[in-house]
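In: Task: produce atomic coordinates for the following.
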Amino acid sequence: MSPAISKIKLEKLKELYIEKGLSMLDVSKSIGVSIDAVAYAMRKHDIPRRSLKEASKRSFENKEMTFKKKEIKGIKKITTEIILSMLYWGEGFKGHEDSKLTTVDFANSDPEMIRLYINSLRSMYDLDEKKLRVLLYCYSNQDISSLIDHWSKLTKIPKTQFSKPYIKSNSQANIKAMKYGLVHIRYNDKKLLIEIKNLIECVRNKYAPVE
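Out: Coordinates of the predicted model:
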């Protein structure tokens with residue numbers, strides 16, 4: 001049987017689990033008891049446990065963000081918000097809030113559009129640069145090493161953060177249309193994905209409201 005915990009620790013357990021939404025594991029670490037002791041105390045004192053769905057939601061809410069919104073003002077703020085939201089609305093992965101896919105993913109073959117996207121993203125948010133990933137989509141008769149060099153210089157993302165390229169069999173018509181291949185610029189943080197989707201909605205409501 002798990003040992004009883006002190007009254008003081010019980011009150012702390014309630015505060016951390018019920019009010020702050022910490023997991024049982026995090027509560028056990030915080031008050032210095034085993035997770036079995038936490039579970040026993042909750043059963044003994046009729047503290048209801050969260051459902052798996054609620055636990056997952058609370059865990060996501062408590063998860064530390066890997067980015068920070070920058071303080072930009074005036075015309076620069078308005079312009080950057082419009083550029084980022086419209087680019088991502090047109091070419092970015094949106095998914096939905098219940099989706100298991102949590103990655104911000106913008107794909108295009110136009111170098112200037114990719115440059116504009118990554119510049120506006122960095123202007124709006126202070127990112128964890130090490131989380132940025134690039135997937136190159138190209139054809140087998142293209143110079144893959146040169147393409148990676150090109151996109152790395154353009155995006156200022158190190159080549160070590162490029163995923164294994166997706167290489168398709170030759171197709172002359174498509175190669176002409178994609179001189180530099182196509183790249184996916186990815187950042188794995190669902191909170192950033194939600195942030196950008198909310199930005200899109202705000203810009204849409206402001207400049208193209210549904211009547």
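
In: Can you give the domain ranges for this structure?
Out: 7-62, 68-207 (automatic domain parsing).

In: Make a markdown table out of those domains and add mean neighbour count and mean pLDDT.
Out: C-beta coordinates here come from the backbone N, C-alpha and C atoms, glycine included. As requested, the domains of the chain are exported to a markdown table (neighbours: other C-beta atoms under 10 Å; pLDDT from 0 to 100):
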| stretch | mean neighbour count | mean pLDDT |
| --- | --- | --- |
| domain 7-62 | 15 | 79 |
| domain 68-207 | 15 | 91 |
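
In: Spatially, what comes nearest to the residue minimising distance to the centre of the chain if we skip its sequence neighbours?
Out: By C-alpha atoms, centre = their mean, the chain has its centre lying nearest to residue 189, at 1.7 Å. Spatial nearest neighbour of residue 189, excluding adjacent residues (C-beta to C-beta, 6 or more residues apart in numbering): residue 66 at 4.9 Å.

In: With adjacent residues omitted, what lies nearest to residue 13?
Out: Nearest non-adjacent residue to residue 13 (C-beta to C-beta, 6+ apart): residue 27, at 5.7 Å.

In: which residues sit in contact with that neighbour?
Out: 13, 16, 17, 38 (C-beta atoms under 8 Å, 6 or more residues apart in numbering).

In: re the thing from before, and the residue nearest to residue 189, what does it touch?
Out: 127, 128, 131, 189, 191, 192.

In: For the fourth one, list the residues it contacts.
Out: This means residue 189. 65, 66, 67, 102, 103, 104, 131 are the contacts of residue 189 under C-beta under 8 Å, 6+ apart.

In: Sort out for me which of these are in strands.
Out: Among the contacts of residue 189, DSSP state E puts 103, 104 in strands.

In: And the contacts of residue 189, which is closest to residue 200?
Out: Nearest to residue 200 among these is residue 104, at 12.1 Å by C-beta to C-beta.

In: and the residue nearest to the closest one when sequence neighbours are not counted, backbone torsions?
Out: Among residues not flanking residue 104 along the chain, residue 187 sits closest, at 4.3 Å (C-beta to C-beta, 6+ apart). Phi and psi for residue 187, reported as degrees, to the nearest 10, are phi -150, psi 110.

In: Hmm, residue 134 and residue 187 touching each other?
Out: No - contact criterion C-beta atoms under 8 Å: residue 187 and residue 134 do not qualify, at 10.5 Å.

In: How about the contacts made by the closest residue to residue 63 other than its chain neighbours?
Out: Of all residues not flanking residue 63 in the chain, residue 191 sits nearest, at 7.4 Å (C-beta to C-beta, 6+ apart). Neighbouring residues of residue 191 by C-beta under 8 Å, 6+ apart: 63, 65, 66, 67.
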